[in-house]
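S.K.: Mind folding the following:
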Amino acid sequence: MTKYVFVTGGVVSGLGKGIVAASLGRLLKLRGYKVAAQKFDPYMNIDPGTMNPTQHGEVFVTHDGAETDLDLGHYERFIDENLTRFSNLTSGKVYWSVLNKERAGEYLGQTVQIIPHVTNEIKSFIQKNVEETGADVLITEIGGTIGDIESQPFLEAIRQFSLEVGRKNCLFIHVCLVPYISGSDEYKSKPAQHSTKELQAMGISPDIIITRSDSDCGDAIRKKIALFCNVKEDCVISNTTADCLYEVPIMLHNNGLDKVVCRELGLKNKCDLSPWKAMVNDIHSRKGTVHIAIVGKYVSLHDSYLSIVESINHASYACHTNVQLHWIDSEGITRQNAAEKLAGVQGVLIPGGFGTRGTEGMIEACRYARENGVPYFGICLGMQIAVIEFARNVAGIKDATSGEFSKSGSHVIDLMPDQNGKRMGGTMRLGAYPCVIKQGTYMAKAYGKDLIEERHRHRYEFNNSFRAKLEEAGLTISGTSPDGNIVETVEAPSKGFFIGVQFHPEFTSRPNRANPIFRDFVAAAKEYKI
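M.R.: Predicted structure coming up:
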């Protein structure tokens with residue numbers, strides 16, 4: 001019988017429910033169980049694909065091509081399992097499905113209501129995830145905060161679901177803020193009490209309460225929360241701020257989380273944390289610092305590039321060095337100030353993005369890196385920027401641009417043929433595609449094999465009409481689709497590491513298994529002398 005864990009949050013958003021869910025997933029996997037995870041988001045968008053990254057952070061793409069919430073990135077990095085299209089559900093997707101069924105007559109003339117039609121749709125999604133993954137344990141995070149009107153159908157659905165599968169097979173974890181009041185020098189349990197009361201009013205009594213605070217709130221507070229919230233004392237688990245994200249599973253294990261979860265669900269296996277502890281020890285043994293610039297248009301919210309940041313961290317673990325990131329708004333870079341803006345960095349990374357804003361600054365940052373031998377790594381838009389910069393400044397195509405940026409000029413980057421006339425949401429080239437690697441290139445050195453598979457999210461691509469001219473000027477096409485038609489990666493003549501990739505390698509990087517290109521990029525930056 002599959003076991004189900006539901007994680008909710010109270011008091012305020014941003015408490016780290018996703019990290020708790022991901023950490024528990026890792027701990028259960030270390031006990032030998034097959035774990036799957038999913039996120040329910042209450043917003044009305046069908047998925048995050050059309051949302052501005054500065055509002056909601058990055059869009060994480062699964063292997064099978066679903067555009068999902070960034071928390072799924074945490075799940076994959078911690079649990080090390082590829083998630084699926086059944087791993088993220090929004091209110092918009094639920095209502096869209098229900099209304100389409102109503103239009104098709106599937107409800108046989110019934111009055112369509114939140115209960116049972118919307119809640120049944122949500123419960124069906126839970127079951128489909130288990131059918132797809134064959135998981136022993138499915139961990140589901142409910143987005144938002146208890147009390148939000150948007151999340152009520154999800155809470156009602158999981159209340160019903162717990163009755164249907166039996167409470168012995170279902171566990172509710174509630175993550176609450178326990179604030180510290182400096183004036184009285186004490187932690188306060190009342191917000192957690194009120195939040196739990198709100199959850200109980202929805203018919204859900206949490207089995208475990210996670211207290212979120214910067215430091216340990218103390219046994220007295222935990223006992224008080226246990227008493228007033230009607231949970232066992234050892235089921236109030238402290239979750240404090242950690243120096244490193246990957247310390248959290250160890251902290252939660254030491255505080256008894258997986259022990260009480262297994263006790264309450266009747267799971268028996270022991271947890272072997274030694275591989276994870278060894279990885280964390282390696283993280284803390286890094287020496288020196290490498291300075292890397294992330295040049296982008298969404299740098300006001302670092303979560304816009306969350307998987308990239310984590311992939312750089314993973315690479316730094318593999319290279320045994322610390323990394324200091326320099327966030328540079330591409331709108332502020334010009335040919336005149338590029339050297340000043342990028343002074344002191346040992347690597348330049350230009351990530352993905354959409355639209356024309358800030359692209360000229362990216363081109364100048366790319367030019368500076370190429371001409372000065374600073375290791376360069378362009379991802380998706382960053383690869384397209386590298387092609388445009390090379391076309392303008394090396395191949396002599398002075399009006400080189402992208403069809404996304406301008407209707408006029410030489411479109412060395414242009415819309416993919418199958419993208420013409422398509423609407424925005426969910427219509428890009430999405431998910432994992434194969435790439436054949438050319439021998440003797442940086443790509444070949446990084447991956448050590450001829451055929452790889454990485455995840456995509458793009459609408460524009462390298463325009464083959466300019467392929468011969470750019471190759472004659474020295475651009476190396478180092479990776480293509482198996483039929484050779486789609487350019488996947490490029491490398492430019494430079495004094496150092498210089499790669500642009502159309503795919504998103506950050507989605508497959510893991511803390512104990514850094515993506516090869518990120519690893520080699522950080523290694524090259526480490527060797528670069530300022």
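S.K.: what sits against Pro48?
M.R.: When contacts are counted by CB atoms under 8 Å, 6 or more residues apart in numbering, Pro48 touches Asp41, His56, Val59, Glu67, Thr68, Asp69, Leu70. (C-beta placed from N, C-alpha, C; glycine too.)
S.K.: no wait, Asp207
M.R.: Leu171, Phe172, Ile173, Val231, Cys235, Glu264.
S.K.: Does the third one belong to a helix, a strand or coil?
M.R.: Just to be clear, that refers to Ile173. Judged by DSSP: H, G, I helix; E, B strand; the rest coil, the three-state class of Ile173 is strand.
S.K.: Repeat that for the one 10 residues further on.
M.R.: Of the three states, Gly183 takes coil under three-state DSSP.
S.K.: Count residues in the vicinity of it, would you?
M.R.: 5 (other CB atoms under 10 Å).
S.K.: what do you get for the one 4 residues further on?
M.R.: Other residues near Tyr187 number 21, with proximity taken as other CB under 10 Å.
S.K.: How about Arg429?
M.R.: Neighbours of Arg429 under the rule other CB under 10 Å: 19.
S.K.: Now do it against Leu381, distance only.
M.R.: Using CB to CB, to the nearest Å, one gets 14 Å for the distance from Arg429 to Leu381.
S.K.: Select from the contacts of Pro48 the one having the most neighbours.
M.R.: Within those, neighbour counts (other CB under 10 Å) peak at Asp69, which reaches 28 neighbours.
S.K.: Could I get the pLDDT score of that one?
M.R.: With respect to pLDDT, Asp69 scores 93.
S.K.: show me what contacts it?
M.R.: Going by CB under 8 Å, 6+ apart, Asp69 touches Lys39, Asp41, Pro48, His56, Phe60, Asn88, Gly143.
S.K.: try it again with 6 Å
M.R.: By CB atoms under 6 Å, 6 or more residues apart in numbering, the residues touching Asp69 are Lys39, Asp41, Pro48, Asn88.
S.K.: next one: Val98
M.R.: Neighbour list for Val98: His117, Val118, Glu121 [criterion: CB under 6 Å, 6+ apart].
S.K.: Surely it is within a helix?
M.R.: Yes. According to three-state DSSP, Val98 belongs to a helix.
S.K.: which stretches of this protein have low pLDDT?
M.R.: Where the chain drops to pLDDT under 70, the residues are 419-426.
S.K.: Spit out the contact partners of the residue nearest to the spatial centre of it.
M.R.: The residue at the geometric middle of the chain, judged as the C-alpha nearest the mean C-alpha position with CA atoms, centre = their mean, is Gly73 (3.1 Å). Residues near Gly73 by CB under 6 Å, 6+ apart: Phe60, Ser307.
S.K.: Work out for me the element it sits within.
M.R.: helix 71-79 (DSSP states H and E).
S.K.: Please compute how far that helix lies from its chain's middle.
M.R.: Centroid separation for helix 71-79 versus its chain: 7 Å, with CA atoms, centre = their mean, to the nearest Å.
S.K.: Ignoring the adjacent residues along the chain, who's closest to Met51?
M.R.: Distances taken as CB to CB, 6 or more residues apart in numbering put Asn45 closest to Met51, at 6.1 Å, once the chain neighbours are dropped.
S.K.: Just to check, the one you found is in contact with Gly92?
M.R.: Yes. If you go by CB atoms under 6 Å, Asn45 and Gly92 touch, sitting 4.9 Å apart.
S.K.: ranges for the helices of the stretch 201-350 of the chain?
M.R.: Per DSSP state H, counting those that start in this stretch, the stretch 201-350 of the chain carries helices over the ranges 219-229, 248-254, 257-265, 274-284, 306-318, 338-341.
S.K.: export those helices to CSV and tack on distance to Phe405?
M.R.: Formatted as CSV, the helices of the stretch 201-350 of the chain follow (distance: least, CB to CB, whole Å):
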stretch, distance to Phe405
helix 219-229, 55
helix 248-254, 41
helix 257-265, 49
helix 274-284, 40
helix 306-318, 22
helix 338-341, 19
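S.K.: Which one of the ones you listed lies nearest to Ser213?
M.R.: Closest approach to Ser213 among these (CB to CB): helix 219-229, 8.9 Å.
S.K.: what residues does that closest one touch?
M.R.: Helix 219-229 is contacted from outside by Tyr187, Ser189, Ala192, Gln193, Thr196, Ile209, Glu233, Val236, using CB under 6 Å, 6+ apart.
S.K.: Among the residues you listed, which lie within strands?
M.R.: Tyr187, Ile209, Val236 (DSSP state E).
S.K.: Name all residues that make contact with the closest residue to the first one other than its chain neighbours.
M.R.: Closest residue to Tyr187 apart from its sequence neighbours, by CB to CB, 6+ apart: Cys217 at 4.0 Å. With contacts defined as CB under 6 Å, 6+ apart, Cys217 is in contact with Val178, Tyr187, Thr211.
S.K.: again, but for Ala400
M.R.: For Ala400, the contacting residues are Ile388, Ala391, Arg392, Ser410, Val412, by CB under 6 Å, 6+ apart.
S.K.: which non-adjacent residue is nearest the second one?
M.R.: So that's Ala391. Excluding the flanking residues, the one nearest Ala391 by CB to CB, 6+ apart is Ala400, at 3.5 Å.
S.K.: which of the contacts of Asp207 sit farthest apart?
M.R.: Leu171 and Val231 (11.6 Å).
S.K.: Just to check, Tyr33 is in contact with Ala135?
M.R.: No. Using CB under 6 Å, Tyr33 is not in contact with Ala135; the gap is 8.2 Å.
S.K.: what about these two, which has more around it?
M.R.: It is Ala135, of Tyr33 and Ala135, that has more neighbours when counted by other CB under 10 Å, with 22 against 16.
S.K.: Excluding residues flanking it in the chain, which one is nearest that one?
M.R.: Closest residue to Ala135 apart from its sequence neighbours, by CB to CB, 6+ apart: Ala36 at 3.7 Å.
S.K.: again with Trp96
M.R.: Ile46 (6.0 Å).
S.K.: now Tyr317
M.R.: Closest residue to Tyr317 apart from its sequence neighbours, by CB to CB, 6+ apart: Ile283 at 5.4 Å.
S.K.: Next: Pro53.
M.R.: Ranked by CB to CB, 6+ apart and with sequence neighbours excluded, the top spatial neighbour of Pro53 is Ser304, at 3.7 Å.
S.K.: Ok, Ser162 next?
M.R.: Leaving aside its sequence neighbours, Ser162 sits nearest to Cys170 (CB to CB, 6+ apart; 4.1 Å).
S.K.: What is the burial count for Ser402?
M.R.: 22.
S.K.: residues contacting it?
M.R.: Here Ser402 is in contact with Gln384, Ile413, Tyr460 (CB under 6 Å, 6+ apart).
S.K.: Count the neighbours of the last one for me.
M.R.: Using other CB under 10 Å, Tyr460 has 22 neighbouring residues.
S.K.: ok so, going back, look at the residue nearest to Met51 and say how many residues are nearby.
M.R.: 16.
S.K.: if we can go back for a sec, tell me the one of the contacts of Asp69 nearest Lys287?
M.R.: Distance to Lys287 across the contacts of Asp69 (CB to CB) is lowest for Lys39, with 36.8 Å.
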